[in-house]
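J.: Got a sequence here, can you model it:
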Amino acid sequence: MGFFSFFSKEKKETLDKGLAKTKESVFSKIARAVAGKSKVDDEVLDNLEEVLVTSDVGVETTLKIIKRIEERVAQDKYVTTEELNRILKEEIAALLTENNAVDMTGFDMPIEKKPYVIMVVGVNGVGKTTTIGKLAYQFKKAGKSVYLGAADTFRAAAVEQLLIWGERVGVPVVKQKMGADPASVAFDTVNSAVANNADIVIIDTAGRLHNKVGLMNELTKIKNVMKKVVPDAPNEVLLVLDGSTGQNAFEQAKQFTLATEVTAMAVTKLDGTAKGGVVIGISDQFKIPVKYIGLGEGMEDLQLFNRTEFVDSLFGENK
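T.: Residues are numbered from 1 along each chain as shown. Alright, predicted model coming up:
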């Protein structure tokens, strides 16, 4: 199924609206950066570098983007400030392509071996449980049967929230008593999913980062226990990050990628912030695909990340 067959006008409008604060901030900064200039020169590039860094793209990624634009300017000899946006879009999209930003084509992903097990990690407060609920909704909507595992057994609120989502979406949630062994919950969830021929299992985990060794041991134990039932589990380790925290999201990504093997990322809360540039930097720095972005509170507001549409919404011409 091709990308344009599922990325509807409504989804594009949600994306544009969700990134509006970031876009407004970036555009106003770029306008100041090129004020009074007709061509892209060293001063414009220096100003653009500052724009990207202050838009939470990150220093290292910004330097890569600036270098690419410098090469384009040198190659084309004369680049007007009007052309700068187009070149910026092209180079950032190209950078994301090189850094494993894969455009997914839907939530109805082909599953060769059932169940497909997703272990979700992230600190408390980033929207982890909400993201799990929205994922369950999207997968169920795509015709998949889903089981949720409440393995964040240290917070009653996390278990309750997952139960509420399970009820809302209409998918079973496996839980145990507070303080139970998270690995035991994960084992029970995967077992139940196999017994009922489910397509997808999503396991919520605790988000405590104060002791990285403890976190690493806990996540490793959860993985090992699940493998006893499904040898390939987990098929995906999804890290959820709060986009509104900007550079703090980089630090969280760094800590979790050291603690466990993260294979995909979801960046949430982009609709309430001007820090949407963090998606570009995180994708580039960690070479881990951003698969989902959160653009609001609604069930439909978790979108598949598409680099072309994202960059277009962020740097496209104001309509």
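
J.: which residue is nearest the centroid of this structure?
T.: When the chain is reduced to its mean C-alpha position, the nearest residue by CA atoms, centre = their mean turns out to be residue 266, at 2.1 Å.

J.: so is residue 148 in a helix, a strand, or just coil?
T.: Here residue 148 is recorded as strand under DSSP: H, G, I helix; E, B strand; the rest coil.

J.: In contact with it, which residues?
T.: Under the criterion of CB atoms under 8 Å, 6 or more residues apart in numbering, the neighbours of residue 148 are 132, 136, 162, 165-166, 171-174, 189, 201-204. Just so you know, the C-beta spots here come from the backbone N, C-alpha and C atoms, and that holds for glycine as well.

J.: same thing with residue 152?
T.: Under the contact definition (CB under 8 Å, 6+ apart), the residues listed for residue 152 are 129, 158, 159, 162, 182, 204, 205, 206, 207.

J.: Looking at pLDDT only, which of these scores worst?
T.: Across the contacts of residue 152, the member with the lowest pLDDT is residue 207, scoring 79.

J.: which non-adjacent residue is nearest residue 267?
T.: What sits nearest to residue 267 in space, not counting adjacent residues and going by CB to CB, 6 or more residues apart in numbering, is residue 243, at 4.5 Å.

J.: I figured that neighbour was touching residue 270, is that so?
T.: Yes. With contacts counted by CB atoms under 8 Å, residue 243 reaches residue 270, the gap being 4.5 Å.

J.: anything in contact with each of the two?
T.: Contacts common to residue 243 and residue 270, judged by CB under 8 Å, 6+ apart, are 276, 279, 293, 294.

J.: Within the helices and strands, which one has the third one?
T.: Take DSSP states H and E as the rule and residue 293 turns out to sit in strand 290-294.

J.: tell me the mean pLDDT over that strand?
T.: Here the mean pLDDT over strand 290-294 is 91, rounded to a whole number.

J.: Which strands and helices lie in contact with the next helix-or-strand element following that strand?
T.: Proceeding C-terminally, strand 290-294 gives way to strand 302-304 as the next helix or strand, assigned by DSSP H and E. Under the contact definition 3 or more CB pairs under 8 Å, 6 or more residues apart in numbering; DSSP states H and E, strand 302-304 sits against helix 9-18, helix 128-141, strand 290-294.

J.: and strand 302-304, which strands flank it?
T.: Within its sheet, strand 302-304 is paired with strand 290-294 (antiparallel), according to DSSP bridges.

J.: how distant is the partner strand from the center of its chain?
T.: Remark: strand 290-294 is offset 3 Å from the chain centroid, using CA atoms, centre = their mean, to the nearest Å.
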